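A.B. asks: Predicted model and sequence follow; I will ask about them next.
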Amino acid sequence: MRQIPYALLCLSLAVFVSCARFTPEEKAELHKGEEVYITHCISCHGPGGDGLSGAYPTLLKPQFSTDITNNTLNIIRHGSSTADGMKAVSLSDDELVQVVNYIQNHWGNEAPLISQSDLKPSQKL
Amino acid sequence: MASFQLQVNGRQHTVDVDADTPLLWVLRDELKLNGTKYGCGIAQCGACTVHIDGMPIRACCFPIGKLAGKNVTTIEGLSVHDDHPVQLAWQEIDVPQCGYCQTGQIMTAAALLDRNPDPSDECILRAMKGNLCRCGTYPRIKNAIKEAAQTKMS
C-alpha cells in the first residue's frame, strides 16, 4: 500500500521537473519548433519522432552530443550526403534553431537548448 | 506484392501493392481518389498533403506498408457536402488560380485550424510554408484561413 503514494510522488516530481526545465519564453520557442516540425518533418519522421523503420530514421536518442546536434543542423540545412537521403529544408535561421531544439527536447529527448549564436557560418542562411 | 488494409475517409479498403508503394499512388491509382495531387514526389511541395490521424502528411513519401491502424483523410473525405469551413472560405475568397496545389493547401489549412482555431498571421505563414503555389495565391490563402477561423469560432 505504501508503494502507491511513493509512485505518485515520483510521477509528480517527474512532471514538475519536466515542466520546470523551461521558461515560458523557451516553451513558446519550443512550440514554434513544433509547428516547424509539423510543417516540414512529420511526414517522414512521424508524430512520435520515431521515423519509419527501414525508410526514415528515428529522432529518438538517449543523449545528444555536440556532434549529433551539428549533424542534425547540417542535414536540415544542406541535406543528406547520400543520394536517397533527406533533402535540404528551406528554413530561416530562427526556424532551424527552433526545430532542432524541439526535436532534441521532445518525446523524452533531452539536450541543452541551442541559439542562433551556436550556428556555424555554413549553417546560417 | 502483398495485401494491405487501409482506412480512407471512414471506409475500409484492401489493396494489393508492394509495401513501399507511396500512399499517393494507392489513393490515385487503386482507390481512384484523384483529388490528392502529385507535385514533386520528394515531400517538398505539399501538393499531395492528406491527413493521417489528423496530421498533415505528404502522401508521396509515405509507404503503404507503414499505414496499419492509421486513419487517412483525403480532400474527398474532408466534409460530406464540400462544406468544411476551409472549403467554404476558399470559395468565398475565390482562392485558386490554376488550382493544382489547392487540395494540398486546403488539407494543411484544415489541420492547422484543428490544432489552432485562431492562428496569427505568423502561425499561418509557418504552417503553410511547406505548401508551394506557383500561381502565387498566398495572400488569398492567408485571407481564406482567417475567414475559416472566424467561421469555425462563430
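C.D. replies: Noted; the coordinates are in hand. Residues are numbered from 1 along each chain as shown, chains lettered A, B, ... in the order given.
A.B. asks: okay, CA-based contacts and neighbour counts for the rest of this
C.D. replies: Noted.
A.B. asks: Not counting sequence-adjacent ones, nearest residue to the residue in chain B positioned nearest to chain A?
C.D. replies: Nearest residue of chain B to chain A: B:Ile57, at 4.6 Å (CA to the nearest CA). Counting by CA to CA, 6 or more residues apart in numbering or on different chains, A:Ser43 is the residue found nearest to B:Ile57 once chain neighbours are left out, at 4.6 Å.
A.B. asks: Per-residue pLDDT of that neighbour, please?
C.D. replies: Listed pLDDT for A:Ser43 reads 94.
A.B. asks: Could you count how many residues lie near it?
C.D. replies: 25 (other CA atoms under 10 Å in any protein chain shown).
A.B. asks: elements contacting the host helix or strand of it?
C.D. replies: Element membership for A:Ser43 (DSSP states H and E) is helix A:42-45. Applying 3 or more CA pairs under 8 Å, 6 or more residues apart in numbering or on different chains; DSSP states H and E, one finds that helix A:42-45 makes contact with strand B:55-58.
A.B. asks: avg pLDDT for the strand it packs on?
C.D. replies: 97.
A.B. asks: which other residues reach that strand?
C.D. replies: A:38-39, A:42-43, A:47, B:43, B:46-51, B:107-108, B:111 (CA atoms under 8 Å, 6 or more residues apart in numbering or on different chains).
A.B. asks: and these, which of them are in helices?
C.D. replies: The helices, defined by DSSP state H, take in A:Ile38, A:Thr39, A:Ile42, A:Ser43, B:Met107, B:Thr108, B:Ala111 from the contacts of strand B:55-58.
A.B. asks: what's the most distant pair in those?
C.D. replies: A:Ile42 and B:Met107 (14.7 Å; CA to CA).
A.B. asks: Between the two, which is the more surrounded one?
C.D. replies: Taking neighbours as other CA under 10 Å, A:Ile42 and B:Met107 compare with B:Met107 leading, 27 against 21.
A.B. asks: can you pull the contacts of that one?
C.D. replies: Contacts of B:Met107 (CA under 8 Å, 6+ apart): B:Thr49, B:Val50, B:His51, B:Pro56, B:Thr74, B:Ile75, B:Leu78.
A.B. asks: Per-residue pLDDT of it, please?
C.D. replies: 98.
A.B. asks: That one and B:Pro63, how far apart?
C.D. replies: Plainly put, B:Met107 is 19 Å away from B:Pro63 if you go by CA to CA, to the nearest Å.
A.B. asks: is chain A contacted by stretch B:108-126?
C.D. replies: Yes: under the criterion of CA under 8 Å from any CA of the partner chain, stretch B:108-126 makes contact with chain A via B:Arg126.
A.B. asks: Compute the number of surrounding residues for A:Asn101.
C.D. replies: 26.
A.B. asks: Could you report the distance from it to A:Ala111?
C.D. replies: From A:Asn101 to A:Ala111 the distance is 8 Å (CA to CA).
A.B. asks: what do you get for B:Lys66?
C.D. replies: Counting by CA to CA - B:Lys66 and A:Ala111 are separated by 29 Å.
A.B. asks: about what we covered before: rebuild the ones in helices among the contacts of strand B:55-58 as a markdown table, extending it with distance to B:Leu6.
C.D. replies: As requested, those are exported to a markdown table (distance: CA to CA, whole Å):
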| residue | distance to B:Leu6 |
| --- | --- |
| A:Ile38 | 23 |
| A:Thr39 | 24 |
| A:Ile42 | 20 |
| A:Ser43 | 18 |
| B:Met107 | 19 |
| B:Thr108 | 21 |
| B:Ala111 | 20 |
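A.B. asks: Go through these and name the one nearest B:Lys129.
C.D. replies: For these, the nearest to B:Lys129 is A:Thr39 (7.2 Å; CA to CA).
A.B. asks: Now for the closest one: which residues touch it?
C.D. replies: So, once contact is read as CA under 8 Å, 6+ apart, A:Thr39 ends up touching B:Pro56, B:Arg126, B:Ala127, B:Met128, B:Lys129, B:Gly130.
A.B. asks: Next: B:Cys135.
C.D. replies: So B:Cys135 contacts B:Gln97, B:Cys98 (CA under 8 Å, 6+ apart).
A.B. asks: helix/strand/coil for it?
C.D. replies: Following DSSP: H, G, I helix; E, B strand; the rest coil, we place B:Cys135 in the coil state.
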